[in-house]
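Novice: sequence first, then the predicted structure:
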Protein chains: 2
Amino acid sequence: MGKKPNFKVLVVDDEEPILELLRYNLEKEGYDVKIAENGQVGVEIAKKFKPDLVLLDIMMPVMDGVEACRQIRANAELVNTHVVFLTARSEEYSEVAAFDVGADDYITKPIKPRALMSRINALFRRDTKGKSTAAQIVIEDLVIDRSSYTVRLKGKEINLPKKEFELLYFLALNPNKVFSRDDLLQNIWGSDVYVLARTVDVHIRKVREKIGDDYITTVKGVGYKFNLG
Amino acid sequence: MGKKPNFKVLVVDDEEPILELLRYNLEKEGYDVKIAENGQVGVEIAKKFKPDLVLLDIMMPVMDGVEACRQIRANAELVNTHVVFLTARSEEYSEVAAFDVGADDYITKPIKPRALMSRINALFRRDTKGKSTAAQIVIEDLVIDRSSYTVRLKGKEINLPKKEFELLYFLALNPNKVFSRDDLLQNIWGSDVYVLARTVDVHIRKVREKIGDDYITTVKGVGYKFNLG
DNA sequence: GAACAGGTTAAGTATTTGTTAAGAACGTAA
DNA sequence: TTACGTTCTTAACAAATACTTAACCTGTTC
């Protein structure tokens, strides 16, 4: 289904079935998943993998979750990593310890995949918020409104599909700056999407078809730009 | 993370770990937090701090929660302060007393931070809503009346079930703004309810069935919006 | 004119949404 | 309580529409 923008999740648990359950569900949601069977291995992988989220069982052999969390929190490269504990209902006391060590949330077993996914998605949603996005860009007769996802040209509303809208929005956000097709693919499609550069041309054409040829200029051999002035 | 508009919370409990657990979670949510270890200290701090919410343990040395609540309620400057009791499951008898003394809510230990935060946020949401909530929204032929929970289209009354009404109401309250299915679930269903995003589609369809297709527009790949203008 | 870059078009594929229906959950009244 | 009617959620399939590709066209440069 919906592709997540490259979010990486590390699952650390000593129970094989739980690892598989979580891996399956997370991958289905589009996350990049790695697993570890105890805290020590978990911490090692975390250092290399630099996950955005670690799901950490508390009771584990070799190194328990609380200690693993402490070590993760101690690593400067992992400051932006979320840590969520998985605990059996009985282990209530570790709750306090977990938060002391810097957990972001904790989830009690038995795990309900749907609820878990919902909470994880919410966690990342908060992250992605606050992106620098102008609510509205006004250039001459053109009004590009991100909150309503509409474009108005001389007051007349124009309907743009998602990719076309984002293409126009991105270019207009950086007027007079030329972007190569690859730049545009990176910024609008995302870094993990593989599509041909010429795909951009087709979208550019569709946008021009709707707002006219005046706003977007081709810089031959380089790319496209939105002109202002 | 999410900054709350300066809401102040006072936590009164004699157990250190619980105080810390609550303080940690509340501060993470963006609240301004103070703590007290018994009712007497709690009341004193409350008078100066003027919190928007007091989380009050019932069983405490020096002065118990019920008495503390009574004193808070007796203070004219604290009329708008919410009081929520924290109790062990066994202390059921105090429930009646708690509400008699003017408690707003009642939460049993062991405390689940996630659920607690959810309830607290909901409490404040109700507060802030009061201002931005229109009793009646009138758009062209459509009248949405929150107090009577009814919708009239061209004068004819239409019966909408709760979810459908709230969906329409929420969208109409923020016209022209696109909301993703997840946004809608968060705002209407609540942050602790886990249902599939496609559930929204079904409700949208039912609303459209009743008020026609003109008011709610689909923005493909993004979500839904109520159109105005 | 050959090589190259971009424009344009159309077709196939993929994705998203619409719609329906079944049953779970909920509330209410007997 | 049970029975009933309603509402909510899910799942499945159909329909709509967006996206990507590839092919062909145009114009420019050397």
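Specialist: Nice, thanks for sending it over.
Novice: so is the longest helix anywhere in chain A next to chain B?
Specialist: Using DSSP state H, we find that the single longest helix of chain A is helix A:113-128. Yes. Helix A:113-128 reaches chain B (Cβ under 8 Å from any Cβ of the partner chain) through A:114-115, A:118-119, A:121-122, A:125-126. (Each C-beta comes from the backbone N, C-alpha and C, glycine too.)
Novice: mark which of those are buried, thanks.
Specialist: Among these, the ones that count as buried by 16 or more other Cβ atoms under 10 Å in any protein chain shown are A:118-119, A:121-122.
Novice: closest to chain B among these?
Specialist: residue A:118 (4.3 Å; Cβ to the nearest Cβ).
Novice: secondary structure class of the nearest residue to that closest one once chain neighbours are set aside, three-state.
Specialist: Nearest residue to residue A:118, sequence neighbours excluded (Cβ to Cβ, 6 or more residues apart in numbering or on different chains): residue B:194, at 4.3 Å. Following DSSP: H, G, I helix; E, B strand; the rest coil, residue B:194 is assigned to coil.
Novice: related to what we said a few turns ago, adding pLDDT and distance to residue A:22, write the residues of helix A:113-128 next to chain B out as JSON lines.
Specialist: Listed next are the residues of helix A:113-128 next to chain B as JSON lines, based on pLDDT from 0 to 100; distance: Cβ to Cβ, whole Å:
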{"residue": "A:114", "pLDDT": "84", "distance to residue A:22": "13"}
{"residue": "A:115", "pLDDT": "83", "distance to residue A:22": "13"}
{"residue": "A:118", "pLDDT": "83", "distance to residue A:22": "14"}
{"residue": "A:119", "pLDDT": "82", "distance to residue A:22": "13"}
{"residue": "A:121", "pLDDT": "81", "distance to residue A:22": "14"}
{"residue": "A:122", "pLDDT": "76", "distance to residue A:22": "17"}
{"residue": "A:125", "pLDDT": "73", "distance to residue A:22": "19"}
{"residue": "A:126", "pLDDT": "66", "distance to residue A:22": "21"}
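Novice: tell me which parts of chain A are close to DNA strand C?
Specialist: Residues of chain A that fall close to DNA strand C, judged by Cβ under 7 Å from any atom of the strand: A:1-2, A:198, A:201-202, A:204-205, A:208, A:218-223.
Novice: let's see it at 10 Å
Specialist: A:1-3, A:161-162, A:178, A:180-181, A:193, A:197-206, A:208-209, A:213, A:216-224 (Cβ under 10 Å from any atom of the strand).
Novice: filter the residues of helix A:113-128 next to chain B by proximity to DNA strand D?
Specialist: Near DNA strand D, by the rule Cβ under 10 Å from any atom of the strand, you find A:114-115, A:118 out of the residues of helix A:113-128 next to chain B.
Novice: any idea which of those residues is closest to residue A:77?
Specialist: residue A:118 (28.5 Å; Cβ to Cβ).
Novice: how much space between that closest one and residue B:191?
Specialist: 9 Å (Cβ to Cβ, to the nearest Å).
Novice: per-residue confidence at the closest residue to chain B within chain A?
Specialist: Across chain A, the shortest distance to chain B (Cβ to the nearest Cβ) belongs to residue A:162, at 3.7 Å. At residue A:162, the pLDDT value in this model is 94.
Novice: which is the succeeding secondary structure element to the lowest-mean-pLDDT helix or strand in chain A?
Specialist: Here the helix or strand of chain A ranked lowest by mean pLDDT, DSSP states H and E is helix A:94-100, holding a mean of 61. Moving toward the C-terminus from helix A:94-100, the first helix or strand encountered (DSSP states H and E) is strand A:105-108.
Novice: close to DNA strand D, is that following strand?
Specialist: No. Applying Cβ under 10 Å from any atom of the strand, one finds strand A:105-108 separated from DNA strand D by no less than 17.5 Å.
Novice: burial count for residue A:109?
Specialist: 16 (other Cβ atoms under 10 Å in any protein chain shown).
Novice: what's the distance between the nearest residue to it once chain neighbours are set aside and residue A:20?
Specialist: Spatially, and ignoring its direct neighbours in sequence, residue A:109 is nearest to residue A:88 (5.1 Å; Cβ to Cβ, 6+ apart). According to Cβ to Cβ, residue A:88 and residue A:20 sit 18 Å apart.
Novice: do the same with residue A:217
Specialist: Per Cβ to Cβ, residue A:217 is found 53 Å from residue A:20.
Novice: with residue A:14 instead?
Specialist: 13 Å.
Novice: please apply the same query to residue A:211.
Specialist: 50 Å.
Novice: the two: which is more packed in?
Specialist: A side-by-side neighbour count of residue A:211 and residue A:20, using other Cβ under 10 Å, places residue A:211 first with 20 against 13.
Novice: the more buried one reaches residue A:167, doesn't it?
Specialist: No. Residue A:211 is beyond contact range of residue A:167, at 11.2 Å (criterion: Cβ atoms under 8 Å).
Novice: tell me who's in contact with residue A:49.
Specialist: Going by Cβ atoms under 8 Å, 6 or more residues apart in numbering or on different chains, residue A:49 touches A:8, A:10, A:34.
Novice: where exactly do the strands run in chain A?
Specialist: Along chain A, counting by DSSP state E, strands occupy A:8-12, A:32-36, A:53-57, A:82-87, A:105-108, A:136-139, A:142-145, A:150-153, A:156-158, A:216-219, A:223-226.
Novice: the first one pairs with which strands?
Specialist: Here the strand partners of strand A:8-12, with direction, are listed using DSSP bridges: strand A:32-36 (parallel), strand A:53-57 (parallel).
Novice: how about CSV for these, with mean neighbour count, mean pLDDT and distance to residue B:143 added?
Specialist: CSV is the format used below for those (neighbours: other Cβ atoms under 10 Å in any protein chain shown; pLDDT from 0 to 100; distance: least, Cβ to Cβ, whole Å):
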stretch, mean neighbour count, mean pLDDT, distance to residue B:143
strand A:32-36, 20, 93, 49
strand A:53-57, 27, 93, 45
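Novice: to residue A:108, which of those lies closest?
Specialist: Using Cβ to Cβ, the strands paired with strand A:8-12 put strand A:53-57 closest to residue A:108, at 11.6 Å.
Novice: which residues are contacting the closest one?
Specialist: Strand A:53-57 is contacted from outside by A:7-15, A:18, A:22, A:39, A:42, A:46, A:65, A:68-69, A:72, A:81-87, A:103, A:120, A:123-124, using Cβ under 8 Å, 6+ apart.
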